[in-house]
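give me the fold of what follows.
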Amino acid sequence: MTRHSDRVTCLKCRRDGQPFRYADLIERVRLADDPADPNCGHFYLETVHILQCPACGHRQEHLHKRTPYPTLREAQTQLDAHLLGKG
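Numbers count the residues shown, from 1 in each chain. Predicted coordinates:
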């Protein structure tokens, strides 16, 4: 599946303006540990697209969605529910 993404530049060959290929999708839980982040100390459930550059084949992450949760348990529950099709 190929879609044109919003001005993504390849981090390896520095080309942009070409339609990147969406190679994969991952969901993960990540701690917000940046003091400048208003959700510092919370846990994010992130949806990340893995994009592939059509010119050089390099794969890189593109953050699609990030939802904060106050505890790891809540974030993990949401991740598990989404993976099981209950969320």
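
do you know how far the residue lying closest to Arg59 once chain neighbours are set aside is from Arg15?
Ranked by CB to CB, 6 or more residues apart in numbering and with sequence neighbours excluded, the top spatial neighbour of Arg59 is Gln52, at 5.1 Å. No exception for glycine: its C-beta is placed from N, CA and C like everyone else's. Separation of Gln52 from Arg15 (CB to CB, to the nearest Å): 12 Å.

nearest residue to the middle of the chain?
Val48 (1.9 Å; CA atoms, centre = their mean).

do I have it right that it meets His64?
Yes. Taking contacts as CB atoms under 8 Å, Val48 lies within contact range of His64: 6.3 Å.

any shared contact partners between the two?
In terms of CB atoms under 8 Å, 6 or more residues apart in numbering, Val48 and His64 are both contacted by the residues Leu25.

picking that back up, which SS class is the residue nearest to the centre of the chain?
Following DSSP: H, G, I helix; E, B strand; the rest coil, the label given to Val48 is strand.

what does Thr77 give?
helix.

could I get the pLDDT score of it?
pLDDT recorded at Thr77 is 92.

gap between it and Thr71?
Thr77 is 9 Å from Thr71, by CB to CB.

neighbour count winner among those two?
Neighbours per residue, other CB atoms under 10 Å: of Thr77 and Thr71, the larger number sits with Thr77, 15 against 10.

how close does that one sit to Tyr69?
9 Å.

contacting residues around the residue of the chain positioned farthest from its centre?
For the chain, the largest distance from the centre (CA atoms, centre = their mean) belongs to Ala55, which lies 21.8 Å off. The contact partners of Ala55, by CB under 8 Å, 6+ apart, come to 10, 13, 15, 18.

which other helices and strands does the helix or strand of the chain at the bottom of the mean pLDDT ranking contact?
Every helix and strand in the chain was compared by mean pLDDT, DSSP states H and E; the lowest is helix 72-83, with a mean of 88. Helices and strands touching helix 72-83, as assessed by 3 or more CB pairs under 8 Å, 6 or more residues apart in numbering; DSSP states H and E, comprise strand 21-31, strand 43-52, strand 59-69.
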